[in-house]
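A.B. asks: Sequence and predicted structure are below.
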Amino acid sequence: MKVRHIFTYGSLMFEEIWQCVVRNPYQREIAWLDGFRRTCVLGDTYPVILPRSGEKDLQGFLYLSVNPLDLRKLDDFEGDYYYRRKVFPRIRSGNAYRTIESETYVLKPRYAHLASLRPWDPQGFEERHLKHFIRTYCTL
């Protein structure tokens, strides 16, 4: 069975949301991903990422060694608008960085019209929308 690491860049970056979706605790690391742009979804509070060459340093979290049952739960949470794609985020390793083969959820191209041009702000989401998001999407 292949070990899967999951790079998160939106609502799943927040432990409260991650833990309401998955069953098991996981080690996580701050990570950076190149080649993707994070934007707001039109009319909603969570983001999407789209492949964009030249984009640098999209910050998120990398959850390590996610088991298959929790991967299915994450797939269900993300729904039909996303697919899991192989990516290579960087994490700090001492004074250097190393890349780790991982997966992340990317908006399917046929839904690209749902992405706005406005960048998504994690801090603004946490301050203004996190509690409501948890009440709406998490049934603890």
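C.D. replies: Ah, there it is. Quick caveat, the model's predicted, so the values are computed rather than measured.
A.B. asks: List the contacts of stretch 127-140.
C.D. replies: 11, 14, 16-17, 20-21, 45-46, 77, 125 (CB atoms under 8 Å, 6 or more residues apart in numbering). Where C-beta positions appear, they are placed from N, C-alpha and C, glycine not excepted.
A.B. asks: Show me what counts as buried in that stretch.
C.D. replies: 130, 133-134 (16 or more other CB atoms under 10 Å).
A.B. asks: And for stretch 68-85?
C.D. replies: 70, 73-74, 77-78, 82, 84.
A.B. asks: And for stretch 107-126?
C.D. replies: 107, 114-115, 120, 122, 125.
A.B. asks: Report the mean per-residue pLDDT for the longest strand along the chain.
C.D. replies: Using DSSP state E, we find that the single longest strand of the chain is strand 58-66. For strand 58-66, mean pLDDT rounds to 97.
A.B. asks: which residues are contacting it?
C.D. replies: Taking CB under 8 Å, 6+ apart as the rule, strand 58-66 contacts 3-10, 12-13, 18, 22, 26-34, 36-38, 49, 74, 89, 91, 100, 102, 104.
A.B. asks: and stretch 77-84, how far from the chain's centre?
C.D. replies: 11 Å (CA atoms, centre = their mean, to the nearest Å).
A.B. asks: okay, how far is it across it, tip to tip?
C.D. replies: Taking CA to CA, to the nearest Å, stretch 77-84 runs 12 Å from one end to the other.
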